[in-house]
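Visitor: no sequence on this one, just coordinates:
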């Protein structure tokens, strides 16, 4: 480890640097989140290029030498995108987001402590990997990007389909004293059978339940825990009635296919319709695809008409989809930070702003522990 110090960076100048980087970092992350759905948007790519170039320039002016090779390599990579010699991919976007987050954390740590330790060999290794990326989207490029992401964020190690819970999750049945609830075990068993249809869904409901219960607990438990738990296991049960080919279809769905996918909500509701004890769970299931801006389905409800349980599941479901999505041919998880940024972009749109705030509290500890484990990655 090497200690970086600076005689020319007075506190006022450091604060100005941190504030300026925060602005351009926010622009960068916004562009990266949007590029996932608009990968050919040159305006977003140019916005990203300008922001990263400004961050590199700011750090260069004040002599933040440890990060300069890394940011120069990132700048070269962005030039390939800008010149359309390389296509944007979610994998590439995750790599860039991790690099920028490490650079931002590096400067913030310096501001707080007056110095910062870093691993020069590690930085050089990442820089060399970036330099090896060619003006193409070959399988070799994708594999190298995936390996580099795993270096920056070991938590994205390959998904084991036999594992049902992430490393930071506990045995939720014991934690919430649900082990004696035979009905909950019944719904869990039903959903496990549905999940078994797809290798991409292994352990999904267990993970969603853990997050949903955590959000509910942080907010003072406004939703009955047992109804929330049953809703988690029942909300996608109707997917059993959807052809598996649609689950895995990578191309855009046709209108009739979208209608069939959306019909799973009604099918899931039917599971609870005639059971008085679970009517609150039924309401959650009925509304879990509603959006607070009114663009969801099946009824286009707005925020004040959507129950808290549905808002909770919408966030927990989105978080799991973002961290375990099958966008990678390498079958690795996506970085937690990517999920956090995307969910915050959706606040007040698809997702409840209030519950996104609760979500940020829930993941703060995870991100903090993650950064401590990495030692800031680039440091």
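Guide: Here it is on my side, so go on. Everything numeric in this text was worked out from a predicted model, so none of it was measured.
Visitor: Any regions of the stretch 251-379 of the chain where pLDDT drops low?
Guide: 325-332, 366-379 (pLDDT under 70).
Visitor: now do 80
Guide: Within the stretch 251-379 of the chain, the stretches with pLDDT under 80 are 251, 324-334, 365-379.
Visitor: Show me where it has its helices.
Guide: 255-262, 264-270, 279-287, 308-324, 336-345, 353-374 (DSSP state H, counting those that start in this stretch).
Visitor: can you tell which of those helices is closest to residue 219?
Guide: helix 353-374 (5.1 Å; CB to CB). From N, CA and C alone the C-beta is placed, and that goes for glycine too.
Visitor: Next, format the helices of the stretch 251-379 of the chain as a markdown table and append distance to residue 248 and mean neighbour count.
Guide: Below are the helices of the stretch 251-379 of the chain laid out as a markdown table (distance: least, CB to CB, whole Å; neighbours: other CB atoms under 10 Å):
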| stretch | distance to residue 248 | mean neighbour count |
| --- | --- | --- |
| helix 255-262 | 12 | 13 |
| helix 264-270 | 15 | 18 |
| helix 279-287 | 23 | 23 |
| helix 308-324 | 14 | 23 |
| helix 336-345 | 21 | 20 |
| helix 353-374 | 28 | 16 |
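Visitor: To residue 116, which of these lies closest?
Guide: helix 353-374 (12.9 Å).
Visitor: Redo the helices of the stretch 251-379 of the chain as TSV? Include distance to residue 189.
Guide: Shown next, in TSV, are the helices of the stretch 251-379 of the chain (distance: least, CB to CB, whole Å):
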stretch	distance to residue 189
helix 255-262	24
helix 264-270	16
helix 279-287	16
helix 308-324	19
helix 336-345	28
helix 353-374	27
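Visitor: Just the element for residue 188, please.
Guide: Per DSSP states H and E, residue 188 falls inside helix 182-195.
Visitor: Please name every helix or strand in contact with whatever helix or strand comes next after that helix.
Guide: Going down the chain from helix 182-195, the next helix or strand is helix 204-218, by DSSP H and E. With contacts taken as 3 or more CB pairs under 8 Å, 6 or more residues apart in numbering; DSSP states H and E, helix 204-218 sits against helix 172-175, helix 182-195, helix 225-234, helix 308-324, helix 353-374.
Visitor: Compare those helices and give me the one nearest residue 39.
Guide: Distance to residue 39, taken as CB to CB, is lowest for helix 308-324 among those, at 16.4 Å.
Visitor: What is the closest one packed up against?
Guide: Counting by 3+ CB pairs under 8 Å, 6+ apart, helix 308-324 packs on helix 204-218, helix 225-234, helix 279-287, helix 336-345, helix 353-374.
Visitor: So for residue 28, which of the helices of the stretch 251-379 of the chain sits nearest?
Guide: helix 336-345 (10.2 Å).
Visitor: Give me the angle between that closest one and helix 308-324.
Guide: Interaxial angle, helix 336-345 versus helix 308-324 (axes from the mean of the first three to the mean of the last three CA atoms, to 10 degrees): 140 degrees.
Visitor: which other residues reach helix 336-345?
Guide: Residues outside helix 336-345 that contact it (CB atoms under 8 Å, 6 or more residues apart in numbering): 29-30, 32-34, 36, 93-94, 97-98, 101, 153, 155, 315, 318-319, 322-323, 351, 356, 359-360, 363, 366-367, 370.
Visitor: low-confidence ranges in the stretch 51-200 of the chain?
Guide: 61-62, 134-139, 154-182, 199-200.
Visitor: so where do the helices sit in it?
Guide: 68-82, 90-113, 120-132, 139-152, 172-175, 182-195.
Visitor: List the buried residues of stretch 239-248.
Guide: 239-240, 242 (16 or more other CB atoms under 10 Å).
Visitor: Distance to residue 73, secondary structure and pLDDT for these - can I get that in a markdown table?
Guide: What follows is the buried residues of stretch 239-248, written out as a markdown table (distance: CB to CB, whole Å; DSSP: H, G, I helix; E, B strand; the rest coil; pLDDT from 0 to 100):
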| residue | distance to residue 73 | secondary structure | pLDDT |
| --- | --- | --- | --- |
| 239 | 43 | helix | 92 |
| 240 | 47 | helix | 90 |
| 242 | 44 | coil | 89 |
